[in-house]
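>>> build the 3D model from these lines:
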Amino acid sequence: MKLLRDTIGGFILNEWKHIDKENIVPVDETMLSEILRIQAEGFDSKNQKKLLKYSKKLRKIFYVIKKQDRIAGYCIYYLKPELSFKGLKKKSVIYSIAIDKEFRGMGYGRKLLEESIKEMKLNGVSSTLLYVNVNNTLAIRLYKKMGFKIIKKIEGICGQKEECYIMELKLT
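Okay, here's the model as predicted:
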């Protein structure tokens, strides 16, 4: 089932439409070390291998936000198509979003999310999910302000023996 979902997701990505985003650009190889440094500030380092893998596979939907020439943060998501009686339903999952410590509280996370959501809507994505540690109150507050709803609490996704929320934003 995962192989089918990844194949369909890859096909959808080939047809992906982009929008121009102010100070937000697609990731390239030269940015990866800075992205990994930012990722390590807030997340378990074991996820760095996955982030590198996704950086190659999902380059079309992996963005950084810049302040002058510095990377202030990044956002990467993947597509999770679902087959139903009504046909193909496009969903996405925000795999990782992080802002450099120096740029937190300045609206960069919100801007990354807003622009990514606009692009998802343009491409017919019906909803997006994300996972957030229950202790990350600042992120949860931002997600709620943007319309995300808590779906449920789970353990083991955000780190070993850590609880996180699955949150969803309906786009259509």
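>>> ok, what's across the strand from the residue positioned nearest the centre of the chain?
In the chain, the centroid-proximal residue (C-alpha atoms, centre = their mean) is Ile94; its distance is 2.7 Å. On the basis of DSSP bridges, Ile94 is bridged to Tyr77, Leu130.
>>> go on, the one 4 residues further on?
Under the criterion DSSP bridges, Ala98 forms beta bridges with Tyr74.
>>> would you mind measuring from it to Leu138?
Using C-beta to C-beta, to the nearest Å, we find Ala98 at a distance of 12 Å from Leu138. (Glycine included, C-beta is placed from N, CA and C.)
>>> again, but for Lys89
31 Å.
>>> just want to know which of the two has more residues nearby.
Lys89 (15 against 10; other C-beta atoms under 10 Å).
>>> quick check: the gap between that one and Glu119.
Lys89 is 18 Å from Glu119, by C-beta to C-beta.
>>> swap in Ser84?
From Ser84 over to Glu119 the distance is 23 Å, taken as C-beta to C-beta.
>>> so those two - more neighbours on which side?
Glu119 (21 against 7).
>>> what packs against the helix or strand harbouring that one?
Here Glu119 sits within helix 108-122, counting by DSSP states H and E. Under the contact definition 3 or more C-beta pairs under 8 Å, 6 or more residues apart in numbering; DSSP states H and E, helix 108-122 sits against strand 24-26, strand 62-67, strand 70-79, strand 91-99, helix 137-145.
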